[in-house]
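Trainee: just the structure for this:
(chains A and B)
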Amino acid sequence: MRIRDPICAVATPPGKGAIGVVRLSGEGALEVAARVWRGKDPRGLKGGHFTFGEVVDPKTGEAIDQALLLVFRAPRSYTGEDAAEFHTHGSPAVLRRVLEVLLEAGARLAGPGEFTFRAYLNGKLDLAQAEAVLALIEAEGELARRQALRALEGALSRRIAALEERLLDLLAHIQALLDYPEEGVEPLEAEKAIREVLAEVEALLSQAKASRLAQKGARLALIGAPNAGKSSLLNALLGYERALVSPIPGTTRDYLEAPLELFGIPLVAVDTAGVRETEDPVERMGVERALRIAEEADLVLYVVDRSAPKPAPPPLPWERTLKVATKADLPPAWEDPAFIPVSSLTGEGLDRLKEALKEALLGKEGGEVLLTERQAEALLKAKERLKEALGLPQDLMGLALEEALEALASLRGEGRVAEAVVARVFQNFCVGK
Amino acid sequence: MGYDVVVVGGGHAGLEAAWAAAALGVKVALVTVNPERIGMMPCNPAVGGPGKSQLVAEVVALGGLMGRAADAAAIHTRVLNRSKGPAVQSLRVQVDRDLYALKAQEILSERPVEVLRGEVTAILVEGGRLVGVRTVDGRTIPAKAVVVAGGTFLSGMVWYGRKSRPAGRQGEPPARFLSQSLKAVGHTLRRFKTGTPPRIRADSVDFGGLEVVPPEVPPGSFTGNPGPYATRLPTWQTRTTEETHRLIRENLHLSPLYAGDIQGIGPRYCPSIEDKVVRFADKESHLLFVEPDGLATSEVYLQGFSSSLPPELQERMVRSLPGFERAVIQRYAYAVEYDSLDPTELTRGLQSRFLPGLFSAGQVNGTSGYEEAAAQGVLAGLNAARFALGLPEVHLPRESGYIGVLVDDLVGRGTDEPYRMMTSRVELRLLCRADNADERLVPLAVAWGLRPKEDLERVEAKYRRVAEELRRLEALRVEGVSGLQWLRRPENTYQALAERFPPPVPLSPEEAYQVEVRAKYAGYIERQEKLREKLKDLEAFRIPEGLDYPKVPGLSREAVEKLSRLRPRTVAEAARVPGIRDSDLTALLVHLRRRA
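Mentor: Numbering: from 1, shown residues only, chains lettered A, B, ... in the order given. As a prediction, the model looks like this:
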């Protein structure tokens, strides 16, 4: 329960729209905004003013979208705190990225009703409104409680609880070693244990992606050299002729979008212009656009003609890219086990590609668990702390694990960790003089 | 003849309380049954260790005497957890038991504290105000404030096997009447229990058969001044055998605990050897520490072997240990059961919620350990003197360090077993290290009159030099990176850096250590500082004293019950009460806002 730190959330309804609004509020909100903003420094703006610029990823400097930034100064804002609003294009992919960079820049995801709650605490709402807020918060609390209870009976809670148990054991072991260094507590293979928990957290997180995709849909980009067979592959996946196919390279100058559903996930497949070195200014625009589409996509199919010499790979987000070798019905010009051979003509390899798509989208476990964004955020925090814990000296490792455990505990709405650790030390270890 | 502050008890809490109170220039008396035994160590002859050395460092920073006495009486020192990170490095000092008491008394005599012999039987109250204490011989000692530091003496009962007799410690009479007086004030008393191991005549031990742990050279110290004998003696280790375990298992019915005679709650972290054998039945052997009692080594202490089994069985148990085949027990192990106050009935200045001017510190507040006792002694003595002077209570917030955590845990949460400090209890342990206790607490100590002003100037100068050196290192280029980044690599040390790029004025070893820790752990320290800010955030939401919790809408029944009892002063304190959920805090915040 924190009450002044910067919080953010998407304020517009889910789905596509002309504009999308991300709200940010709290102490230091304008500093957070400045970190992700290219343009006029929002810290220099008066309240009630706005400016045009770009939201950028502070780590890479890469632009996410052009946007308007509105600045509010305490107490003259909805919450009564310093606040900012980003008005971007209304694409879910953009809004998601904006949230991501804000989280990285020091904000956290707002809890339900938290903007309103702050408005109330800061005296922005009157007593009658406050009654409504209280009712709202209580209702949401009640709902959250019921949800937590339901989840407790489900797979997710059991898995989280099991992870908490393991972390608690680990922490207790570390604390036993630190608080009783001489008493022959057996040494700890911490790294191995942490890696196991980390793998499990990552497996859960991969489900977070699946569950988000299941709810919101995913964008699938087809990228490759001209005439590599992207459009044919799309048609084969779609089962009917959607893209215009011709043997002349560069037939798809701009891009085509086609909705399809695979494994219950609503997908938008984007067939892009061929990616190659080119002098044609129109085609070059198409190429740049294609690479940007790849960047924004949830999953990329990198399509290469196996019957022709292998081209140099373009800059793609490889961690979410599947490699496909097309024209598998023709004699191969090269072999590479990293590529899935497919023939759009004969349908050979299509099933294998669909399997790979499914795994890439849903993870190995196939999206059985539903995770909310807040749960995913907690898991992400746990993951970061666990990664950090590896290789730290024992006291820092303990602190990092404590934070990981707290993140997991917050998933289930549980609180303090310290007392549980102390209890566990004496339960598991024969220490004390 | 009246006093400003009367301290009841001359153990480690009482000593510090009297010493701290006297620092404020008030008139102090220390009343004890046995003035010769002031500063006695009834349990193991050692000070410090994980969690506890941090407490001692804070006691030292607050001007307390424990660190000085321990250093002067040291016979063996060791830094534990040296390689495990700066937050958990812990000094432990073995002391000469008699020399420690002597040094403690010697230091105490530097300030005008009157030592009176007597058993205090009652807190005297007139018209709802505290006016003094009465002793068993009917004497009245008038006082404006009283610190009860009775240790295990309140209705103390000592057990050897299933035989018991009233005693505060072995061979010393208990305080028989004080409990009644505290109850009359309104306090709740509980029975706690603890135990000690047997003492063995040193000349009956075959040390040749034992594992030797040599003292560290150069020795460590709490104050920067190691004593003359600090590297004099080793300690030893031995192990329980199959025979030891068999003897225990076959005779459990002779233990007053297993037979159900003792109802008091013992600490989990101080298990008797019986407990260890029963609870960890799969362990074939338990490690035991053999600690010399003093320079003369006339007696050794068998750490880890506390027991309440009958003496004749103890003989056989001890003789089953390697090196102890012909051992002669000088003093038998025993369990002691005593009254302790419910610390949730105290303020964070360790003052009674029921009787202004009445303070308590140490084991009587439900803790265990000399260091925990001393820490409370400083705070209680300071506040007692302030009370006598008409000044408001002062507190050490949780985020200020180990003493803050100790008091916050005791008062804010309560304890149902003797409370022992552990590093894992301290959320901000990377910020609250033993090495920077001076930076954290000397400013408070000086402001409160516990230490002279010059001390603050010295500490400020030290940390100014540290800050300057950190700035210099940031600007320095070493192998293509800044000096700070270079220092962050695990293999690099400040010493190596300072040799290649010496600072204008060389740093003292303490300053160099600060630079190294601050450079190496900068990222983690920063994260903990953020956490501290968040804690402070909630501290800013104060809860009015008489808040009627049942009238707060939306508060769970459990929260109403707990908060009504514990009466947190801020939302942050409420948040730390076990069982309080986020929804309770929300309801509380909304209610407070509406009142405002």
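
Trainee: after the helix or strand containing residue A:176, which helix or strand is next?
Mentor: When secondary structure is defined by DSSP states H and E, residue A:176 falls within helix A:155-179. Tracing the chain past helix A:155-179, the next element assigned as helix or strand by DSSP H and E is helix A:190-216.

Trainee: following that next one, which helix or strand shows up next?
Mentor: Tracing the chain past helix A:190-216, the next element assigned as helix or strand by DSSP H and E is strand A:218-224.

Trainee: tabulate the CA atom coordinates of that following strand in CSV.
Mentor: C-alpha atoms of strand A:218-224 as CSV (Å, rounded to 0.1, in the frame of the first residue of the first chain):
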residue,chain,number,x,y,z
ALA,A,218,-2.0,-10.7,-31.5
ARG,A,219,-0.3,-9.3,-34.6
LEU,A,220,1.7,-11.6,-36.8
ALA,A,221,4.1,-10.0,-39.3
LEU,A,222,5.4,-11.9,-42.4
ILE,A,223,8.8,-10.5,-43.3
GLY,A,224,11.2,-11.6,-46.1
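
Trainee: so what strands line up beside it?
Mentor: Using DSSP bridges, strand A:218-224 pairs in its sheet with strand A:265-272 (parallel), strand A:299-305 (parallel).

Trainee: and that strand, average pLDDT?
Mentor: Looking at strand A:218-224 alone, the average pLDDT works out to 87.

Trainee: and that strand with helix A:190-216, angle?
Mentor: Compare the direction of strand A:218-224 with that of helix A:190-216 by axes from the mean of the first three to the mean of the last three Cα atoms, to 10 degrees and you get 100 degrees.

Trainee: pick the most deeply packed of the strands paired with strand A:218-224.
Mentor: Mean neighbours per residue, mean count of other Cβ atoms under 10 Å in any protein chain shown, is largest over the strands paired with strand A:218-224 for strand A:299-305, with a mean of 24. Backbone N, C-alpha and C define where each C-beta goes, glycine included.

Trainee: got a list of contacts for the helix or strand following that strand?
Mentor: Using DSSP H and E, the next helix or strand after strand A:299-305 towards the C-terminus is strand A:321-326. Contacts with strand A:321-326, where a contact means Cβ atoms under 8 Å, 6 or more residues apart in numbering or on different chains, come from A:224, A:228-229, A:232-233, A:294, A:299-306, A:332, A:336, A:338-344, A:353, A:356-357, A:360.

Trainee: make TSV out of the strands paired with strand A:218-224 and add distance to residue B:397 and mean pLDDT.
Mentor: Formatted as TSV, the entries for these read as follows, by distance: least, Cβ to Cβ, whole Å; pLDDT from 0 to 100:
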stretch	distance to residue B:397	mean pLDDT
strand A:265-272	52	79
strand A:299-305	51	92
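
Trainee: so can I have JSON lines of these showing distance to residue B:154?
Mentor: As requested, the strands paired with strand A:218-224 are exported to JSON lines (distance: least, Cβ to Cβ, whole Å):
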{"stretch": "strand A:265-272", "distance to residue B:154": "70"}
{"stretch": "strand A:299-305", "distance to residue B:154": "71"}
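
Trainee: quick one: closest of the ones you listed to residue B:95.
Mentor: strand A:299-305 (67.9 Å; Cβ to Cβ).

Trainee: not counting sequence-adjacent ones, nearest residue to the closest residue to chain A within the stretch 401-550 of chain B?
Mentor: Relative to chain A, the nearest point of the stretch 401-550 of chain B is residue B:424 (4.2 Å; Cβ to the nearest Cβ). Excluding its sequence neighbours, the residue lying closest to residue B:424 (Cβ to Cβ, 6 or more residues apart in numbering or on different chains) is residue A:175, at 4.2 Å.

Trainee: picking up where we left off before, between the strands paired with strand A:218-224, which one is nearest to residue B:83?
Mentor: Nearest to residue B:83 among the strands paired with strand A:218-224 is strand A:299-305 (46.0 Å), distances taken as Cβ to Cβ.

Trainee: what lies in contact with the closest one?
Mentor: Contacts with strand A:299-305, where a contact means Cβ under 8 Å, 6+ apart, come from A:218-225, A:227-230, A:233, A:294, A:310-311, A:313, A:316-317, A:320-327, A:339, A:357, A:360-361.

Trainee: got a ChimeraX select line for the buried ones in those residues?
Mentor: In ChimeraX syntax, the buried subset of these is picked out as below (16 or more other Cβ atoms under 10 Å in any protein chain shown):
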select /A:218,219,220,221,222,223,224,225,227,228,229,230,233,294,316,321,322,323,324,325,326,327,339,357,360,361
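
Trainee: if we can go back for a sec, by how many degrees do the helix holding residue A:176 and helix A:190-216 diverge?
Mentor: Here helix A:155-179 points in a direction 150 degrees away from that of helix A:190-216 (the same axes, to 10 degrees).

Trainee: residues in contact with residue 220?
Mentor: I went with chain A, as the question did not name one. Contacts here follow Cβ under 8 Å, 6+ apart; on that basis residue A:220 touches A:267-270, A:297-301, A:357.

Trainee: meant chain B actually
Mentor: Contact analysis of residue B:220 by Cβ under 8 Å, 6+ apart lists B:77-79, B:91, B:93, B:226, B:230.

Trainee: pLDDT at residue 345, what is it?
Mentor: Since you didn't name a chain, this refers to chain A. Reading off the per-residue confidence, residue A:345 sits at a pLDDT of 87.

Trainee: please go with chain B instead
Mentor: For residue B:345, the pLDDT comes out at 96.

Trainee: right, and it touches residue B:352 too?
Mentor: Yes: counting by Cβ atoms under 8 Å, residue B:345 touches residue B:352, with 6.9 Å between them.

Trainee: helix, strand or coil for residue B:291?
Mentor: Assigned with DSSP: H, G, I helix; E, B strand; the rest coil, residue B:291 falls in the strand class.

Trainee: from residue B:518, how far out is residue B:510?
Mentor: According to Cβ to Cβ, to the nearest Å, residue B:510 and residue B:518 sit 13 Å apart.

Trainee: what's the answer for residue A:309, then?
Mentor: Taking Cβ to Cβ as the measure, residue A:309 and residue B:518 are separated by 57 Å.

Trainee: neighbour count: the two, which is higher?
Mentor: Here residue A:309 and residue B:518 are compared on neighbour count by other Cβ atoms under 10 Å in any protein chain shown; more neighbours surround residue B:518, at 20 against 7.

Trainee: tell me which element the more buried one falls in.
Mentor: Residue B:518 belongs to helix B:509-520 when assigned by DSSP H and E.

Trainee: what residues does that helix touch?
Mentor: Outside of helix B:509-520, the residues that reach it under the criterion Cβ under 8 Å, 6+ apart are B:86, B:224, B:433, B:435-436, B:462-463, B:465-466, B:469-470, B:473, B:484, B:487-488, B:493-495, B:498, B:507, B:525.

Trainee: which among the contacts of residue A:220 gets closest to residue B:591?
Mentor: Distance ranking of these against residue B:591, using Cβ to Cβ, places residue A:298 first at 44.9 Å.

Trainee: isn't that closest one right up against residue A:361?
Mentor: Yes: proximity of residue A:298 to residue A:361 meets the contact threshold set by Cβ under 8 Å, at 7.4 Å.
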